[in-house]
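> sequence first, predicted coordinates after that:
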Amino acid sequence: MASVPAANPTDDGDDVSLVTRRFLMGRARNTLSREERQAIEDAMSAIREFPARSHIIGRGERLETSTYLIEGYVCRYMDDRDGHRQLVAVHVPGDFIDLHAFPMKRLDHDIGTLGPVKVGVYDHRVLTELTERMPHLTRKLWFSTLLDAAMHREWIFR
């Protein structure tokens, strides 16, 4: 398990780290139980830091981990044939930035930092065990990916 950032008390008196405090924050009032928060924190295998303007995940790269944004901002982007870059998403702290790579194993876009970032890394084998053991948490993770898809549709429509 990675060393998780310091805890802050919640309204119900629980101490939660900066990691789980932000997951699904403000999104349809989806909250995690104390057990779910602890499971997410325990499942994190590493915390990594990247400087601004870093390419952190490449299109087509085989992935065995998923990445959770703890601090900073990242973007998903694609480059066209002429080298013009198009942002297709921006992620904020509390987002799993590539959770859809858990079942797919590859991304069809690149991910880069917009400023310095800190991310948590989750091994897919550990996520598999977690989702098999905790169906309610599985639905929360699925909700997170569905929310990302809804935001993508909104970007396309606008």
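It's in. Numbers count the residues shown, from 1 in each chain.
> when you work out contacts or count neighbours from here on, use the C-alpha atoms and nothing else.
Fine.
> for this structure, which segments are assigned as helices?
Ranges of helices within the chain are 18-22, 34-43, 101-104, 124-133, 135-157, based on DSSP state H.
> in the third one, which residues are buried?
For helix 101-104, the buried set under the neighbour-count rule, 16 or more other CA atoms under 10 Å, comprises A101, F102.
> residues in contact with G58?
For G58, the residues meeting the contact criterion (CA atoms under 8 Å, 6 or more residues apart in numbering) are L107, H109, D110, I111.
> most tightly packed of the helices of the chain?
helix 18-22 (a mean of 20; mean count of other CA atoms under 10 Å).
> that older thread, buried subset of the contacts of G58?
Burial by neighbour count, judged by 16+ other CA under 10 Å, picks out L107, H109, D110, I111 from the contacts of G58.
> how about low-confidence regions in the chain?
Regions of the chain meeting the criterion pLDDT under 70 cover residues 1-30.
> check the spacing between the spatially most central residue of it and D79 real quick.
The residue at the geometric middle of the chain, judged as the C-alpha nearest the mean C-alpha position with CA atoms, centre = their mean, is F96 (1.0 Å). The span separating F96 from D79 equals 22 Å under the rule CA to CA, to the nearest Å.
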